[in-house]
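Visitor: Take this sequence and fold it.
(chains A, B, C and D)
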2 protein chains.
Amino acid sequence: MALPKLSKLELQIMEVLWNNGPTAIRDIQESFGAKGRPAYTTVQTMVYRLETKKALRRARKIGNAHIFEAVISRDAAKARLVDEFLSMFGGRMQPVMAQLIEAGNLSSKDVADAEKLLRDLAAKKKKDA
Amino acid sequence: MALPKLSKLELQIMEVLWNNGPTAIRDIQESFGAKGRPAYTTVQTMVYRLETKKALRRARKIGNAHIFEAVISRDAAKARLVDEFLSMFGGRMQPVMAQLIEAGNLSSKDVADAEKLLRDLAAKKKKDA
DNA sequence: GCTACGCTCTTACCGTTGTAGTAGGACGCA
DNA sequence: TGCGTCCTACTACAACGGTAAGAGCGTAGC
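Guide: Numbering: from 1, shown residues only, chains lettered A, B, ... in the order given. As a prediction, the model looks like this:
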């Protein structure tokens, strides 16, 4: 499983590791907002499952507490997520964009940013080649 | 539950109803490609579950077969899907776009189309107002 | 009227996700 | 050295999604 499927809560946990680097379970748990924060052991279970999915690993120990670090990259996980999402729309990008725009999720600034990003990317690609 | 969460298979079933109008289970099942098509009773179970979720309803009967029709609209369902997806990215559109572009899912044509759509939408809004 | 086929309904099972309790080990402080 | 605290490891369980089998009923054709 090069790219395991991650659920929402799993993603949120990975997010902490991506942002903070190697982190203990207690710190992951506390990084959730005080309201609606899952129990310590809930986070623990998720971390263990992410470990069996090879999404993270035990990096070292501090006292008797394990410190975990991400194995898969944020980009890889997000790319997986995007694929998943696209498949719900039949895999074509155009209807997705249409939906985003008509539902008002996508502003003209977003599109302008996207355009700039595309140009930058094209320029970089040319330079690399 | 104004907007029930629909899974991928559920979406595919709704898609048939949205495209074809009221449809019998047999016809829904057969509208899946011959390879990898789920069993009749699998589709049936999903339809029943969609019924309890109030995503579709029994419209009428032909012989002893029920004909089902969509209750929720395609746009509503897709909007729900988009929200779900966005929440995985922290709710902000910009990182999503960045991800889409960097992963090569979004072409310059897509962005151009988006731009045109935005302009059309803005024009329509002005006219309505 | 009888039979066969198709559809309905019910039930079941497995994997995943979210949720958490509990038992027990380790550590540090008094 | 003993007590409380914190962490680990294990276990449990319910909801949901995907999968489907089995029993039984109605209808249509003969």
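
Visitor: what's near enough to touch A:Asn64?
Guide: Counting by C-beta atoms under 8 Å, 6 or more residues apart in numbering or on different chains, A:Asn64 touches no other residue. The C-beta positions use only the backbone N, C-alpha and C, and glycine is treated the same way.

Visitor: again with A:Ser31
Guide: By C-beta under 8 Å, 6+ apart, the residues touching A:Ser31 are A:Val16, A:Asn20, A:Thr23.

Visitor: got a list of what the last one touches?
Guide: What that stands for is A:Thr23. A:Thr23 is in contact with A:Val16, A:Leu17, A:Ser31, A:Ile67, A:Phe68, A:Glu69, counting by C-beta under 8 Å, 6+ apart.

Visitor: now do 7 Å
Guide: Neighbouring residues of A:Thr23 by C-beta atoms under 7 Å, 6 or more residues apart in numbering or on different chains: A:Val16, A:Leu17, A:Ile67, A:Phe68.

Visitor: Would you mind listing the two of those residues that lie farthest apart?
Guide: Largest separation among those by C-beta to C-beta: A:Val16 and A:Ile67, giving 12.2 Å.

Visitor: the more surrounded of those two?
Guide: Neighbours were counted for A:Val16 and for A:Ile67 using other C-beta atoms under 10 Å in any protein chain shown; A:Val16 has more, 19 against 15.

Visitor: Could you give the secondary structure assignment for that one?
Guide: For A:Val16, the assignment made with DSSP: H, G, I helix; E, B strand; the rest coil gives helix.

Visitor: Then A:Phe85?
Guide: Classification of A:Phe85 using three-state DSSP returns helix.

Visitor: Which pLDDT value belongs to it?
Guide: You'll see A:Phe85 listed with a pLDDT of 90.

Visitor: For A:Phe32, see how far away the residue nearest to it when sequence neighbours are not counted is.
Guide: Nearest residue to A:Phe85 in three dimensions, chain neighbours excluded: B:Phe85, at 4.9 Å (C-beta to C-beta, 6 or more residues apart in numbering or on different chains). Remark: distance between B:Phe85 and A:Phe32 (C-beta to C-beta, to the nearest Å) = 21 Å.

Visitor: Comparing the two, which shows the higher neighbour count?
Guide: B:Phe85 (19 against 16).

Visitor: Is the more buried one in contact with A:Glu84, as I believe?
Guide: No. Using C-beta atoms under 7 Å as the test, B:Phe85 is too far from A:Glu84 to be in contact (8.6 Å).

Visitor: all strands of chain A, in order?
Guide: Secondary structure of chain A (DSSP state E): strands at A:23-24, A:56-62, A:65-70.

Visitor: Which of the ones you listed sits closest to A:Arg49?
Guide: Nearest to A:Arg49, of all these, is strand A:56-62, at 10.0 Å by C-beta to C-beta.

Visitor: That closest one pairs with which strands?
Guide: Sheet pairing of strand A:56-62 (DSSP bridges) gives strand A:65-70 (antiparallel).
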